[in-house]
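Q: sequence and predicted structure are below.
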Amino acid sequence: MIDILAVVRHDPCLVAFLRMSPSLTPVEFRVPPVDAVALETRAAELATRSIKKQAKVQGLRLCIAMMDLTTLEGMDSPGKVRQLCAKAKHPLPGRTDLPSCAAVCVYPDLVEVAVHALRGSTVQVASVATGFPSGRTDRALKLREVQLAVEAGASEIDMVIDRGAFLSGRYGQVYDEICEVKQACGPARLKVILETGELKTYDNIRRACRIALLAGGDFLKTSTGKVTPASTLPVVLLMLEAVRDHYLETGNQVGVKAAGGIRTGKDALRYLVLVAETAGDLWLSPSWFRFGASSLLNDVLMQLEKERTARYQRPTDFSAD
Amino acid sequence: MDDHGEKTSQKSSEKTSPKRARAARPELKFGAVWQYEPAPESTDHFAIAPRHELFVGGAWKKPRSGEYFTTIDPATERVLSEVAMAGEKDVDAAVAAARQAFPAWSRLSGEDRSRYLFRIARILLERAREFACLETLDNGKPIRETRDVDIPLAAQHFFYHAGWADKLELLFPGQQAEPLGVVGQIIPWNFPLLMAAWKIAPALAAGNCVVLKPAETSPLTALRLCEVLQQAGLPPGVVNVITGDGSTGALLVRHRGLQKVAFTGSTEVGKEIQRAVAGAGIELTLELGGKAAHVVFEDAALDQAVEGVVRGIFFNQGHVCCAGSRLLVQESVHDLFVEKLRARMARIRVGNPMDKNTDMGAIHSKVQLGRIEQLVAAGVAEGASLFQSACELPKKGFWFAPSMFTNVALSHRIAREEIFGPVLSVLTFRTPEEAVEKANNTSYGLSAGIWTDKGSRILWLAERMKAGVVWNNTFNRFDAGSPFGGFKESGFGREGGRQGMRAYVKLRGSLSPG
């Protein structure tokens, strides 16, 4: 007898479909094609939303609460990470009404420092892993790295998918790897970095979303920040459609993280508009939408101070961490 | 709607394995966590004169009758201004002014005509914000559309045709293109400035003079365009704008001083005009109604197709002759697609057209609202299922919620008659052949849309669609370089592109008669 699951092993979408309830139709379970022109048109249309006054203040505050303050440099040091942690806990001295950031995102070897610095706060510690940013290493090493980060206290793991495998059509391998990493995460939430700048086409990105969703990722994340283009509005719109449809089909909610290239409060609000009008209220929370950024926070703070005082402060009025 | 609800509840009860058990079907929520503040475009940067006269011979002239009518803001029913009612003598005067201007204008070098058109385009863009606001106030369409579509496209038409003015010999190689003379042009209320630009720009590029009659419910931007023409130094009489109701239009098309009539509007009036000019040696182009089919195949990019369908029918409140008012969706994805559409329709922001976040504005007039309500009532009576987005509509003004009919039969009135409002009729098909047959089963033939991921199928269908424009994986996209016009009862003649220029010249010295 033919083992159907073995035959279609490189199409995880089909595998998942065959495993799941027959009441789902194949149409619902295919990877939907994406029309680039119409997707970009819609993203550009939503980017014209005018966010003013109270809506702007509320939106910017939400952006802070959704921020994964990130440092992923070869020159990162414990001192730098401690500084970043202080900023994440209290973004602006004297403004106790502002929320803390969602998380601090570091390399695995600095997780311990961050955990220590953030003790007693609500800020989570996220660690990249799995041979970040390229993912070009042995799977056993990737899993070991995840395990070390979790043991060191990371409550969120940002993994990269194997783009080499993906682009050569070995989708099953990508799927299996995410499944294994998910298992290695234990209680930590898994963010799956698709590195959309290397997948190139929206069809590829949509397929990668499907694979990561079926493999049990808790978040879809656009980019490592090391490849240009990093996060773009159309890509995040596409991801939001993917998690929305996944939720409607399965009842499982998965988050989205837009990472890299988002530098101004205005940009961030455009992403928030995408969330508000595509996936909706359930995702308008730090648990389900994140920004991965480093310089964004200061611009958001500057905009908030401008709304409060009706004038712009100097950039040097905000701490450069 | 009910059908689908039943199916899905069945579906979830089948899956009540302990691991995947869940209380209710997952549902999305919108608008409770973060709301946008009102963001109205300011209107203090321009004024609307309390009274508008006729623009004849380069100057503002009072109507001989002394009669005026009012134009209102359909979103608030507030009177915006009084507008002159042109009678027989005013029409005579306008045509005479155009005839007088014609010899000098038509003898001007193409390069000089081109300069005027460029100048008009530039001034229009410089005053874009003012025109966008005025158009929104007078028409009821959202500022987002006038700002991003109407005004930029109107300017583009002048820019584009400025380019042809000095290249007529390239347009018609081996032939000499000569202007026709005086052109009478009647335009509708759905794209007041854009239609004025579509009509005036090619006419002037070819060396014709124009008498333009805007719609009586939306005359203000065409009248303000006259200010731009003055600013650009256009010689007096080259363009004359006379306002009035249908009787003024009837006087204009029956005037024997014209060499051509160009009309955009309803099929009913178009037929009348065709009768009026018959046998008088007057050239005619008509751009009339439509009942476009928007065909969605199961392999289409469904989320983007939803956007396309929304753009196709809810753009400009559905007051679009080429609106994709009949959705033909492949049976295998019908339920899923309708579900997606319904969710997306609920996100359409209906309200104050001057708010920059408004997606859909007011219905243009009480008359049009009545017609929409009547056809929607007919749809319900004929047994189709109506879904309307549960948006809150303002108390004053003319409003209609985004609406969709499912379970529509081809024989229903809502599948045959042009509604010209935000009402979509959903039908199904099973094979490409059936899609073509149903798409062409209409007395109109203006536009059509196809959504599929398969290139060869797009070409196969486009060849067979009896429609002047076939959009592939997009809808309601316009460009000055792309000819627009219909088949059958949607009219004849093309506007835009090389074909559009052909309608404004007579050709001499050709081997074959032009």
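A: Cool, got the structure. Residues are numbered from 1 along each chain as shown, chains lettered A, B, ... in the order given.

Q: so what's the residue count around B:N440?
A: 17 (other CB atoms under 10 Å in any protein chain shown). For the C-beta atoms, the positions are set from N, CA and C on the backbone; glycine is no exception.

Q: right, and it touches B:K466 too?
A: Yes: using CB atoms under 8 Å, B:N440 is in contact with B:K466, at 4.8 Å.

Q: the host helix or strand of B:S247: what's the following helix or strand?
A: Using DSSP states H and E, B:S247 sits in helix B:246-253. Next helix or strand after helix B:246-253 toward the C-terminus (DSSP H and E): strand B:260-264.

Q: what's the following helix or strand after that next one?
A: helix B:267-277.

Q: which neighbouring elements make contact with the lengthiest helix in chain A?
A: Assignment by DSSP state H gives helix A:233-250 as the longest helix of chain A. Using 3 or more CB pairs under 8 Å, 6 or more residues apart in numbering or on different chains; DSSP states H and E, the elements in contact with helix A:233-250 are helix A:36-46, helix A:202-214, strand A:219-221, strand A:255-259, helix A:265-278.

Q: buried ones in it?
A: A:233-248, A:250 (16 or more other CB atoms under 10 Å in any protein chain shown).

Q: and if you look at stretch B:62-75?
A: B:63-64, B:68, B:71-75.

Q: could you list the low-pLDDT ranges of chain A?
A: Applying pLDDT under 70 to chain A picks out residues A:1-10, A:13, A:16-29.

Q: how about 90 then?
A: A:1-32, A:93-94, A:169-172, A:175, A:214, A:249-250, A:315, A:320-321 (pLDDT under 90).

Q: now do the strands in it.
A: Applying DSSP state E to chain A gives strands spanning A:67-70, A:103-106, A:124-129, A:156-160, A:189-193, A:219-221, A:255-259, A:289-293.

Q: I'd like the ones you listed laid out as TSV, including distance to chain B and mean neighbour count.
A: Putting the strands of chain A into TSV (distance: least, CB to the nearest CB, whole Å; neighbours: other CB atoms under 10 Å in any protein chain shown) gives the following:
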stretch	distance to chain B	mean neighbour count
strand A:67-70	16	27
strand A:103-106	21	30
strand A:124-129	21	28
strand A:156-160	23	27
strand A:189-193	19	26
strand A:219-221	16	27
strand A:255-259	14	26
strand A:289-293	11	28
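
Q: B:F405 reaches B:L427, doesn't it?
A: No: contact criterion CB under 8 Å: B:F405 and B:L427 do not qualify, at 9.4 Å.

Q: so what's the gap between stretch A:64-79 and the chain middle?
A: 14 Å (CA atoms, centre = their mean, to the nearest Å).

Q: same thing with stretch B:139-149?
A: 12 Å.

Q: what's in contact with that stretch?
A: A:48, B:41, B:73-75, B:128-129, B:131-133, B:135-136, B:150, B:189-190, B:192, B:194, B:218, B:315-317, B:319, B:353-364, B:397-398, B:478 (CB atoms under 8 Å, 6 or more residues apart in numbering or on different chains).

Q: for it, buried residues please.
A: B:139-147, B:149.

Q: what's the span of it from first residue to last?
A: 14 Å (CA to CA, to the nearest Å).

Q: where along the stretch 51-200 of chain B do the strands fall?
A: Listed in chain order, the strands of the stretch 51-200 of chain B (DSSP state E, counting those that start in this stretch) span B:51-52, B:54-56, B:59-61, B:68-73, B:78-84, B:176-179, B:182-186.

Q: per-stretch mean pLDDT over those, give me the minimum one.
A: Comparing mean pLDDT across these, the lowest value falls on strand B:176-179: a mean of 94.

Q: quick one: contacts for the residue nearest to the spatial centre of chain A?
A: By CA atoms, centre = their mean, chain A has its centre lying nearest to A:K257, at 2.2 Å. When contacts are counted by CB under 8 Å, 6+ apart, A:K257 touches A:68, A:158, A:191, A:219-222, A:289-292.

Q: hmm, 10 Å instead?
A: When contacts are counted by CB atoms under 10 Å, 6 or more residues apart in numbering or on different chains, A:K257 touches A:66, A:68, A:102-103, A:105, A:126, A:156, A:158, A:191-193, A:219-223, A:231, A:236, A:239, A:288-292.

Q: which residue ranges make up the domains of the chain?
A: Went with chain A since none was named. The record's domain parsing of chain A by automatic domain parsing lists A:1-30, A:33-317.

Q: not quite, go with chain B.
A: Split by automatic domain parsing, chain B gives B:51-288+B:489-508, B:290-481.

Q: any idea which of those gets closest to A:L297?
A: domain B:290-481 (26.5 Å; CB to CB).

Q: picking that back up, what is the nearest of the buried residues of stretch B:139-149 to B:A390?
A: B:P142 (19.4 Å).

Q: can you tell me how far that closest one is from B:D148?
A: According to CB to CB, to the nearest Å, B:P142 stands 10 Å off from B:D148.

Q: do the same with A:K53
A: Using CB to CB, A:K53 is found at 23 Å from B:D148.

Q: number of residues surrounding the nearest residue to B:R113 once chain neighbours are set aside?
A: Nearest residue to B:R113, sequence neighbours excluded (CB to CB, 6 or more residues apart in numbering or on different chains): B:A165, at 4.3 Å. Using other CB under 10 Å, B:A165 is surrounded by 25 other residues.

Q: okay, B:A165: pLDDT?
A: 97.

Q: residue contacts, it?
A: With CB under 10 Å, 6+ apart, B:A165 has these contacts: B:108-118, B:201-202, B:204-207, B:501.

Q: which of those are buried? Put it as a PyMOL command.
A: Typed into PyMOL, the line below selects the buried ones among those, using 16+ other CB under 10 Å:
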select buried, chain B and resi 108+110+113+114+115+116+117+118+201+202+204+205+206+207+501
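
Q: quick check: B:F387 is in a strand.
A: Yes: B:F387 forms part of a strand when assessed by DSSP: H, G, I helix; E, B strand; the rest coil.

Q: how many residues are close by it?
A: For B:F387, using other CB under 10 Å, the count is 19.

Q: spit out the contact partners of the residue lying closest to it once chain neighbours are set aside.
A: Using CB to CB, 6+ apart and skipping the chain neighbours, the partner closest in space to B:F387 is B:M404 (4.7 Å). Neighbouring residues of B:M404 by CB under 10 Å, 6+ apart: B:1, B:309, B:313-314, B:327, B:338, B:341-342, B:345, B:384-389, B:422-426.

Q: around chain B, which positions in the stretch 201-321 of chain A sit nearby?
A: A:202-203, A:206, A:237-238, A:241-242, A:244-253, A:272-273, A:275-285 (CB under 10 Å from any CB of the partner chain).

Q: just to revisit the earlier point, in a markdown table: the helices and strands packed on helix A:233-250, plus distance to A:R82.
A: Shown next, in a markdown table, are the helices and strands packed on helix A:233-250 (distance: least, CB to CB, whole Å):
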| stretch | distance to A:R82 |
| --- | --- |
| helix A:36-46 | 38 |
| helix A:202-214 | 32 |
| strand A:219-221 | 25 |
| strand A:255-259 | 22 |
| helix A:265-278 | 25 |
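
Q: so which of those comes closest to B:E495?
A: helix A:36-46 (23.6 Å).

Q: contacts for that closest one next, please.
A: By CB under 10 Å, 6+ apart, helix A:36-46 touches A:35, A:201-203, A:206, A:232-238, A:241, A:270-271, A:273-274, A:276-278, B:144, B:148, B:301, B:303-308, B:310-311, B:359, B:451, B:472-475, B:477.

Q: is it true that B:A94 touches B:P236?
A: No: look at B:A94 against B:P236 with CB atoms under 10 Å: they stay out of range, at 11.8 Å.

Q: which neighbours do those two have in common?
A: B:55-57.

Q: quick one: buried ones out of those residues?
A: B:55-57.

Q: closest one of the residues you listed to chain A?
A: Nearest to chain A among those is B:F55, at 33.8 Å by CB to the nearest CB.

Q: residues in contact with the nearest residue to B:G249 once chain neighbours are set aside?
A: Nearest residue to B:G249 in three dimensions, chain neighbours excluded: B:I186, at 5.0 Å (CB to CB, 6+ apart). Contacts of B:I186 were listed using CB under 10 Å, 6+ apart, and they are B:195, B:199, B:211-215, B:246, B:248-250, B:252-253, B:261-265, B:269-270, B:273.
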